[in-house]
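Enquirer: A predicted structure for the sequence below; I have some questions about it.
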Amino acid sequence: MSAPRLRLGVNIDHVATVRNARGGALPDPVRAALMAIEAGADGITAHLREDRRHIRDDDMARIRREISKPLNFEMAATDQMLDIALRTRPHAACLVPEKRTERTTEGGLDVIGGHDHLVPFVDELKRGGIRVSLFIEPSIDAIDAARSIGAPVVELHTGAWCHALELGELDRADREFGRIRVGAARAAQIGVECHAGHGLDFDTARKIAGLPQIVELNIGHFLIGEAIFIGLGEAIRKMRVAMDEGRVHAG
Ligand code: PXP
């Protein structure tokens, strides 16, 4: 049986980061979202952080209104974000851990320690018609915990794998990729849809596309960085090609 098509979610947070560096209205993340869709993105991801360092409330509302593809609303599991998500009604919400001092989402959600808080939280989002995913470490325990919380989807954190490759630590990278491979298989085995993301580039996206249980990648920083050199549309088209090449070998 051939692997299902691999969807690409484009994270446009860092268009807002550049805008906010000057405090004006440009570059507009909504324009980037529309351009990403035109270039082949299957959905748009945006993270409304507590400190609003990139995406702001009004961006999220405009993205929801103006794009024709699914919006994946990344958020911390707080009452304020729950309220905004239920009002925004995105297609999906991805729950992530958030620390004020971090530069980006470090590590996965604590789905074991946070179980009792997350069960009613996930339930409220689901009752609001929102598909919930939990951003977690690629470990069997975390995947099993996510299922026991009632999440239909997990997003496996690929940051440790990508970071090891960046440092040239190939043995560690192999071990990290092994955890992702085993994790994706576990998710499929227990009926949880599997996504992945964080730190992916053309090469890592091509490689991870070979795991047939993974059905969606969420990619931001690399694509926005590439856009400086080759344009956003071209960066996304090249990413799509890399993913399709990798998918041919899925199995
Ligand atoms: N998925 C999640 C849950 C994230 O928090 C992020 C970073 O915001 C990404 C994917 C995208 O990571 P990157 O920007 O490194 O591609």
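Expert: Great, that's in hand.
Enquirer: only C-alpha atoms for contact and neighbour calcs from this point on.
Expert: Noted.
Enquirer: Just the buried positions in the longest helix along the chain, please.
Expert: Identified as the longest helix of the chain according to DSSP state H is helix 170-189. Using 16 or more other CA atoms under 10 Å as the test for burial, helix 170-189 gives 172-173, 176-177, 179-181, 183-187.
Enquirer: Please apply the same query to stretch 235-251.
Expert: Across stretch 235-251, burial judged by 16+ other CA under 10 Å covers 235-237, 239-240, 242-247, 250.
Enquirer: which helices and strands does the longest helix of the chain pack with?
Expert: Contacts defined by 3 or more CA pairs under 8 Å, 6 or more residues apart in numbering; DSSP states H and E place helix 170-189 against helix 140-149, strand 153-157, helix 159-166, strand 193-197.
Enquirer: can you give me how far that helix is from the chain middle?
Expert: Computed by CA atoms, centre = their mean, to the nearest Å, the chain-centroid distance of helix 170-189 equals 17 Å.
Enquirer: May I have that helix exported as CSV, CA atoms only?
Expert: Extracted in CSV, the C-alpha atoms of helix 170-189 (Å, rounded to 0.1, in the frame of the first residue of the first chain):
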residue,chain,number,x,y,z
LEU,A,170,25.9,12.0,13.1
ASP,A,171,25.6,9.1,15.7
ARG,A,172,23.3,11.2,17.8
ALA,A,173,21.4,12.3,14.8
ASP,A,174,20.9,8.6,13.8
ARG,A,175,19.6,7.8,17.3
GLU,A,176,17.3,10.8,17.2
PHE,A,177,15.9,9.8,13.8
GLY,A,178,15.4,6.3,15.2
ARG,A,179,13.2,7.7,18.0
ILE,A,180,11.1,9.5,15.4
ARG,A,181,10.8,6.4,13.3
VAL,A,182,9.7,4.3,16.2
GLY,A,183,7.4,7.0,17.5
ALA,A,184,5.7,7.4,14.1
ALA,A,185,5.1,3.7,14.0
ARG,A,186,3.7,3.7,17.6
ALA,A,187,1.3,6.5,16.8
ALA,A,188,-0.1,4.7,13.8
GLN,A,189,-0.4,1.5,15.8
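Enquirer: quick one: that helix to helix 140-149, angle?
Expert: Between helix 170-189 and helix 140-149, the angle comes out at 30 degrees (axes from the mean of the first three to the mean of the last three CA atoms, to 10 degrees).
Enquirer: quick check: mean pLDDT across helix 170-189?
Expert: Mean pLDDT, helix 170-189: 98.
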